[in-house]
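[1] Got a sequence here, can you model it:
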Amino acid sequence: QVQLVESGGGLVQAGGSLRLSCAASGRTLTSYEVGWFRQAPGKEREFVAIVSWSGSSTYYADSVKGRFTISRDNAKNTVYLQMNTLKPEDTAVYYCAVTTRWGIRPEDFGSWGQGTQVTVSS
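    Next up is the predicted model:
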């Protein structure tokens, strides 16, 4: 079983940037595709981005396309989410999770991290 720990969240003004990290332990991340999700208060968890095990393929939600970049460093067993041009509507708890198949539904993923809070002020 892989354990995931997210970090890098914080408070940022609109238009600013943050880079989130998802560090894995217990098993190598090369066994998995890795996704980022987010959940705002009172809303369902929503898909943000996914990266293939090799890093060669990525896919984004329309709401973040062109602003967010997902990447991975398998040597460090870590996946990143670079978030630029942040908007107040990006405010949420961000989670990373792993899957053995390409998907965007939360139920496709297992081994979730505990989440990191991102707050974007206007």
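[2] any idea where the strands of the protein begin and end?
    For the chain, the strands defined by DSSP state E cover 3-7, 10-13, 18-25, 33-39, 46-51, 58-60, 68-73, 78-83, 92-99, 116-121.
[3] now for this protein, which residue lies nearest the mean position of the chain?
    Averaging the C-alpha coordinates of the chain gives a centre point, and the residue nearest to it by CA atoms, centre = their mean is residue 36 (2.5 Å).
[4] Now do the same contact list for it.
    Contacts here follow CB atoms under 8 Å, 6 or more residues apart in numbering; on that basis residue 36 touches 20, 22, 48-50, 70, 79, 81, 94-96. Glycine gets a C-beta too; all of them are placed from N, C-alpha and C.
[5] most neighbours, which of those residues?
    Neighbour tally across the contacts of residue 36 (other CB atoms under 10 Å): the maximum, 31 neighbours, falls on residue 96.
[6] Might you report the residue contacts of the nearest residue to that one once chain neighbours are set aside?
    Taking CB to CB, 6 or more residues apart in numbering as the measure, residue 96 lies nearest to residue 22, with 3.4 Å between them; neighbours along the chain are not counted. The contact partners of residue 22, taken as CB under 8 Å, 6+ apart, are 4-6, 34, 36, 78-81, 96, 113.
[7] Alright, calling it a day.
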